[in-house]
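Asker: mind folding the following:
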Amino acid sequence: MKQQNIYDNKQFFDSYQNIRNNLSANELIEIPQLFELIGNVKNLSILDLGCGTGGHDRKLIEMGAKRVVGIDLSHNMINEAVKNNNSDKIEYILMSMDDIDKLDIKFDMVVSSLAIHYVADYDSLCKKVYSLLNNGGRFIFSYGHPMDSCVILDDYSDNFVIINDKKYFLISDYNNEGKRVSYWFVDGVETYHRNMSHLVNGLIDAGFKLEHMTESYASDEVIKLKPKYIEQNDHSYYVYFKCKKVND
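Answerer: Numbers count the residues shown, from 1 in each chain. You can find the predicted model right below:
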């Protein structure tokens, strides 16, 4: 099953761009924590899965990466990336993550920011990433936290109840994995829920050595900028993985 191309829906794309430009959790929490895991990229060749508008690719080059290839299924995203973040060291390709086995190149690192939960076959993707990496290469990505994605609701914003002025998040259908269809800016947005053991074992079964896993949190500085993110103390929005290809 091919991943949904929701970002070429104009209403969705415009709404998404708007939140990304307004102190979103992505900007304040997910991106800094992901890049903390990415670390040193000097002279590395990097593949960015679901590159979006290419901001991460530009940053990776500024950090010293030798070359970055960014792939995305969305024409809107690729067009924005070429317009705003182009470089002679960056190549953008209109491609689904399902098709990365068609790339005829090896990489030192594969990264992905909140894109892999759009892919139906996670286990296959992990194996394809493994085959694209040089020995010793790393796969580093963020993923919507399973505690957040498990609930089957039409609108993810309804996945909590308030008792005595405190939010209590709903955890149901956690082990009922599979597609979730919800309203996020528009109806019918498709993502895929996996429990934590599936996320970890998919990497291990592909041959990776898991080096680090962490769940998102909000620093005191972030909470001062946007107090609502104190709820990260109860409910992580994201989980991050860093793993290594140890042999061929």
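
Asker: drop to CA atoms for contacts and neighbour counts, all remaining ones
Answerer: Fine.

Asker: which residues in this structure form strands?
Answerer: 45-49, 67-72, 90-94, 107-112, 133-144, 160-163, 166-169, 178-184, 186-193, 208-215, 238-245 (DSSP state E).

Asker: so which of the ones you listed is the most packed in?
Answerer: Burial of the strands of the chain is given as mean neighbour count (mean count of other C-alpha atoms under 10 Å); strand 45-49 ranks first at a mean of 25.

Asker: can you list the helices and strands that it packs against?
Answerer: strand 67-72, strand 107-112 (3 or more C-alpha pairs under 8 Å, 6 or more residues apart in numbering; DSSP states H and E).

Asker: name the surrounding residues that touch that strand.
Answerer: Applying C-alpha atoms under 8 Å, 6 or more residues apart in numbering, the external contacts of strand 45-49 come out as 57, 65-72, 97, 107-113, 115-116.

Asker: try stretch 104-120
Answerer: 1-4, 31, 34, 44-51, 97-98, 122, 129, 132-144, 178-179, 190-193.

Asker: try 7 Å this time
Answerer: Residues from elsewhere that reach stretch 104-120 (C-alpha atoms under 7 Å, 6 or more residues apart in numbering): 1, 3, 44-50, 132-134, 137-144, 190-192.

Asker: how far away is Lys228 from Ile31?
Answerer: 18 Å (C-alpha to C-alpha, to the nearest Å).

Asker: between the two, who's got more neighbours?
Answerer: Ile31 (15 against 12; other C-alpha atoms under 10 Å).

Asker: what's the closest non-adjacent residue to the more buried one?
Answerer: Once flanking residues are discounted, Ile31 sits nearest to Ser113: 7.7 Å by C-alpha to C-alpha, 6 or more residues apart in numbering.

Asker: and stretch 25-38, average pLDDT?
Answerer: Regarding stretch 25-38, the rounded mean pLDDT is 94.

Asker: likewise stretch 147-157?
Answerer: For stretch 147-157, the mean pLDDT works out to 75.

Asker: can you check stretch 204-223 too?
Answerer: Mean predicted lDDT for stretch 204-223 stands at 96.

Asker: return the distance of it from the chain's centre.
Answerer: Its chain's C-alpha centre and that of stretch 204-223 lie 12 Å apart, by C-alpha atoms, centre = their mean, to the nearest Å.

Asker: ok, and what's touching that stretch?
Answerer: Here stretch 204-223 makes contact (C-alpha under 7 Å, 6+ apart) with 28-29, 126-127, 130, 229-230, 232-233, 236-246.

Asker: likewise for stretch 165-180?
Answerer: 147, 150-152, 159-162, 190-195.

Asker: switch the cut-off to 6 Å
Answerer: 150-151, 159-161, 190-194 (C-alpha atoms under 6 Å, 6 or more residues apart in numbering).
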